[in-house]
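Asker: The sequence and its predicted three-dimensional model are supplied below.
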Amino acid sequence: MKHFYLLGMLLLLVSAARAQSATGGLPTGLQRGFGDEADSVARPQQKYELLLQSFEYNTVSFTKDSDDAAFMDFTVSQRYPLPLVEWLRLFAGQPWLLGRWWPNVRPRYEIDSACCRPAKPSRRKYYSAVRLNFAFSGRFGQYIGTRPSSPVIGKRFNPYLFLEYHFRHPSLVPRGASVRVGYGHESNGQGIADSAAFYATVANSHGTERDTRDYISRGWDYWGGDVSWNLYETPNRKHVVVADLAGRAYLRRGALQGEKEEYRRWEQPWAGSNLRRNEVSGLAASLEYVSECEFFNRVRLSAETGMTRPFRYNSWRALVCLRVGQLPVFASYADGYNGDLAQFGIRNQSVSAGLLLTSFGFPALPHRPTMR
């Protein structure tokens, strides 16, 4: 599992380095990025496609949970397309493999060393619309002045490999409709898995028993999928409303995690109802309004409930983002479960405020309903 994390982080770092080294060849609008009026002039010249993109929200914020001390909250979430079409094209040239079924397969895009590349049409437009993507989302909290030595605690590590398909018939399906199906792993990256290690850490650390619970290991593999579409958009796309429905099935045993790590018997004093992850997570929906107005950026409402006990244990979150100068400043409020994976089955409330960072250009990609 650790090797998988290292591989994912290495891929993202290499991708970022490639993106930074190639900005000199980008159109002016893409070089300047967020909210640049030159985009409308530069983009019609050539259609470009960014490789390294936001997946969920990237945020730097100040967060206060009802059952925890305040902390600086950092979330990094990126996705990178893998050359599925090129791989199939390579094999299609071999008559003993795919040549007889996929003759004249052409890539939808070309691989080069730039952070973005011209999109090219394919004879197999349906086939080329399928993409293989790797995404990684990580969340970290630094307790600056609110805990001894201001520790940085890993709260979420989520590598995800998924196929994505964009529908191309607006007359048959809503505009912007796409579907994703994949396999992922979610954990908090901690190492305490038994009571002896837990109470030894409590005795040897400067924290309390409550603080030490953040170091209890949680982890699951899951199958996931979601579908998103534009409920409404103006002709110039300055106002877009995006809907998203998502599902996750957390596995008892997975290829990356092994046996799942949830509440254990020795955690009964604070485990509450001893809920399982599939009881509080798995079914999610969101509605997001994105605007290119001068001061107003977006509003997002999301809700989640359990896969095995739907509508019994519910969570919801509201987010508002404004432009202050060129800075996207957001505030959010959440109520429900999964606020912290170490205590995923405990209901709490959370308030956050900070900066919300997305990919270059407008509009931003539809974001997955964050499983809180």
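Answerer: Looks like it arrived, so ask away.
Asker: what's the helix or strand for residue 304?
Answerer: strand 296-306 (DSSP states H and E).
Asker: Report all helices and strands that that strand contacts.
Answerer: helix 277-280, strand 282-291, strand 315-324, strand 327-336 (3 or more Cβ pairs under 8 Å, 6 or more residues apart in numbering; DSSP states H and E). Every residue, glycine included, has its C-beta placed from N, CA and C.
Asker: Could you check the ones you listed and tell me which one is nearest residue 241?
Answerer: Closest of the helices and strands packed on strand 296-306 to residue 241 is strand 282-291, at 5.1 Å (criterion: Cβ to Cβ).
Asker: Kindly calculate the angle that the closest one makes with strand 315-324.
Answerer: 20 degrees (axes from the mean of the first three to the mean of the last three Cα atoms, to 10 degrees).
Asker: Counting by contacts, list what strand 282-291 packs against.
Answerer: Against strand 282-291 (3+ Cβ pairs under 8 Å, 6+ apart) you get strand 239-250, strand 296-306.
Asker: With mean pLDDT as added columns, please give these in a markdown table.
Answerer: What follows is the helices and strands packed on strand 282-291, written out as a markdown table (pLDDT from 0 to 100):
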| stretch | mean pLDDT |
| --- | --- |
| strand 239-250 | 96 |
| strand 296-306 | 95 |
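Asker: is it possible to export those to a markdown table including distance to residue 198?
Answerer: Formatted as a markdown table, the helices and strands packed on strand 282-291 follow (distance: least, Cβ to Cβ, whole Å):
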| stretch | distance to residue 198 |
| --- | --- |
| strand 239-250 | 23 |
| strand 296-306 | 27 |
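Asker: mind checking which of those strands is nearest residue 182?
Answerer: strand 239-250 (10.1 Å).
Asker: Give me the buried positions along that closest one.
Answerer: 240, 242, 243, 244, 246, 247, 248, 250 (16 or more other Cβ atoms under 10 Å).
Asker: And stretch 52-67, by the same measure?
Answerer: By 16+ other Cβ under 10 Å, the buried positions in stretch 52-67 come out as 52, 53, 54, 55, 56, 57, 58, 59, 61, 63, 65.
Asker: what does stretch 218-237 give?
Answerer: 218, 219, 220, 221, 222, 224, 226, 227, 228, 229, 230, 233.
Asker: got the contact list for the fourth one?
Answerer: Residues touching residue 221, when contacts are defined by Cβ atoms under 8 Å, 6 or more residues apart in numbering, comprise 183, 184, 185, 250, 251, 253, 254, 255, 256, 257, 260.
Asker: try it again with 6 Å
Answerer: 185, 251, 254, 256, 257 (Cβ atoms under 6 Å, 6 or more residues apart in numbering).
Asker: Let's have those residues in CSV, adding secondary structure.
Answerer: Formatted as CSV, these follow (DSSP: H, G, I helix; E, B strand; the rest coil):
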residue, secondary structure
185, strand
251, coil
254, strand
256, coil
257, coil
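Asker: Now, the buried residues of stretch 52-67 that are in helices?
Answerer: Per DSSP state H, helices hold no members of these.
Asker: Export those as JSON lines, with columns for pLDDT and distance to residue 337.
Answerer: Listed next are the buried residues of stretch 52-67 as JSON lines, based on pLDDT from 0 to 100; distance: Cβ to Cβ, whole Å:
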{"residue": "52", "pLDDT": "84", "distance to residue 337": "31"}
{"residue": "53", "pLDDT": "88", "distance to residue 337": "29"}
{"residue": "54", "pLDDT": "89", "distance to residue 337": "25"}
{"residue": "55", "pLDDT": "92", "distance to residue 337": "22"}
{"residue": "56", "pLDDT": "92", "distance to residue 337": "18"}
{"residue": "57", "pLDDT": "92", "distance to residue 337": "19"}
{"residue": "58", "pLDDT": "95", "distance to residue 337": "23"}
{"residue": "59", "pLDDT": "96", "distance to residue 337": "20"}
{"residue": "61", "pLDDT": "97", "distance to residue 337": "20"}
{"residue": "63", "pLDDT": "97", "distance to residue 337": "16"}
{"residue": "65", "pLDDT": "96", "distance to residue 337": "12"}
